[in-house]
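1. Sequence isn't available, so here's the structure alone:
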């Protein structure tokens, strides 16, 4: 954060300053950080008290001074907090945004190199942000959010980490409604905006894919004058956003179907190793080429890597350095295709966990399932596949543990059945769909997942049938799959433990919305991990 006096902060947020015991808040630039969690207060912090569903930040204002805070932003004067300056505003969340905007303006006024890189898309935002954070750090001091801090609270809090020496701010921008990204760009107008994909995430909230595209286009419309748009040439709705670009447009994509004439950052000869880590030839718009061996798993991450590479190249990073950097990124935000080995009980057989439980929509669910379907037992310490088809080569037993997906609108049951059918079509061995014992609607969505996997419209509540149909018809798929529907993550855990005991080389994908409890299950399993996949060095 740019150093500010308490008086400057009060003016920036249009607040009324109630001075602390000293009565003098204007003399020195004493504020150097901003937090909304009282546990993060340190000397020089501004504490923004935000009312929540379970906890109200105002309850912690009285103790903030003792922790080192120099001021608190509140929506009413807190009694018993006379030893700290209180800045009273109508809405503390809006005040947080105003302060973040002021901080970015102050940074720009220094006149030294500083760029805001905004990222949005229905899928891939956080992974692309993680890749970009690593690459841009090679070029200068970089600020980026932890996890998915991409809303009206998370984005300003991250923007307030920008200081005098910051060269790049990588800003992830998400939305549940039209107008939200526009609001975020008013807080932090990007110099460069990346749009990854328009999918069906939050379809129930938006009402249509066209409305989702409208919302995502707001990041391009919110660019600074002459700002650069970085667009996916494979997505027609993203490509259409070029009409909003105020300046240069850069392209990335695998096939360029939506913008075939555009020179773009692209990938040729994409392959994956036994741990699902992609390798490919990256081709710059100039025709220059470099070999890339991604350090993270998932062929779907190739497009995210191309987006990050486009930005890094724009800011002057050589293509060969970009390729090396993409291979060195092995740690990304939690619960996103994170791979580890888990032993649930002493003496039990380990199984491989693919933790992609952060959240789920049909696009990201299919990407995770594709990664599971490609999984093979590593033949060597670097995860390379066997070079022959020896029948004695061990085969993985692939299990998809799928929680229901939320905010998909009126077609939610159909989308769940289609996703279940897709999972069954991939030749997996077992599909476990996870509902919720206390939420009937969520449980019904999980049931629809299993119906699709079985190729049927109806099922009894506790049946499990080794039948699958990829298209929802009565025709079974080529590879029968065990399909089970359970009503809690604990029930799923018991099934996984039994499966791991019965089948050597079991590999388990966790994927679902938060309400399924699968991310909590993954965190519980984290304590049982035998080894991290990231201990394995990528092959270069």
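-> Here it is on my side, so go on. None of these values were measured; they are calculated from a predicted model.

2. List the contacts of residue 159.
-> By CB atoms under 8 Å, 6 or more residues apart in numbering, the contact set of residue 159 is 100-101, 103-104, 143, 169, 171, 187-188. From N, CA and C alone the C-beta is placed, and that goes for glycine too.

3. Who wins on neighbours among those?
-> Neighbour counts for the contacts of residue 159 (other CB atoms under 10 Å) peak at residue 171, which has 30 neighbours.

4. and that residue, that one's in a strand?
-> Yes - per DSSP: H, G, I helix; E, B strand; the rest coil, residue 171 lies within a strand segment.

5. Would you reformat the contacts of residue 159 as TSV and include pLDDT, secondary structure and distance to residue 424?
-> Putting the contacts of residue 159 into TSV (pLDDT from 0 to 100; DSSP: H, G, I helix; E, B strand; the rest coil; distance: CB to CB, whole Å) gives the following:
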residue	pLDDT	secondary structure	distance to residue 424
100	98	helix	46
101	98	helix	49
103	98	helix	51
104	98	helix	49
143	97	strand	44
169	98	strand	44
171	96	strand	39
187	97	helix	44
188	97	coil	43
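
6. Grab the two from these that are most spread out in space.
-> Checking the contacts of residue 159 against each other with CB to CB, the farthest-apart pair comes out as 101 and 143, at 15.2 Å.

7. Does residue 100 touch residue 161 like I think?
-> No - Residue 100 lies out of contact with residue 161 (CB atoms under 8 Å); the separation is 9.7 Å.

8. Show me the shaky parts of the stretch 1-150 of the chain.
-> Residue ranges of the stretch 1-150 of the chain with pLDDT under 70: 21-29, 147-148.

9. Which residue ranges of it form helices?
-> Using DSSP state H, counting those that start in this stretch, the helices found in the stretch 1-150 of the chain span residues 6-12, 92-109, 125-137.

10. what's the most buried one of the ones you listed?
-> Of all those, helix 125-137 has the most neighbours on average by mean count of other CB atoms under 10 Å, namely a mean of 24.

11. right, and the helices of the stretch 1-150 of the chain - which one's nearest residue 500?
-> Within the helices of the stretch 1-150 of the chain, the stretch nearest residue 500 is helix 125-137; the backing value is 27.9 Å (CB to CB).

12. returning to what we had before: in a markdown table, list the helices of the stretch 1-150 of the chain along with distance to residue 359.
-> Shown next, in a markdown table, are the helices of the stretch 1-150 of the chain (distance: least, CB to CB, whole Å):
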| stretch | distance to residue 359 |
| --- | --- |
| helix 6-12 | 34 |
| helix 92-109 | 22 |
| helix 125-137 | 10 |
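
13. looking at those helices, which is closest to residue 33?
-> Closest approach to residue 33 among the helices of the stretch 1-150 of the chain is made by helix 92-109 (10.6 Å; CB to CB).

14. and that closest one, what other elements does it pack with?
-> helix 6-12, strand 45-48, strand 71-74, helix 154-159, helix 180-187 (3 or more CB pairs under 8 Å, 6 or more residues apart in numbering; DSSP states H and E).

15. May I see the ones you listed organised as TSV, with distance to residue 248 added?
-> TSV is the format used below for the helices and strands packed on helix 92-109 (distance: least, CB to CB, whole Å):
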stretch	distance to residue 248
helix 6-12	32
strand 45-48	37
strand 71-74	38
helix 154-159	24
helix 180-187	18
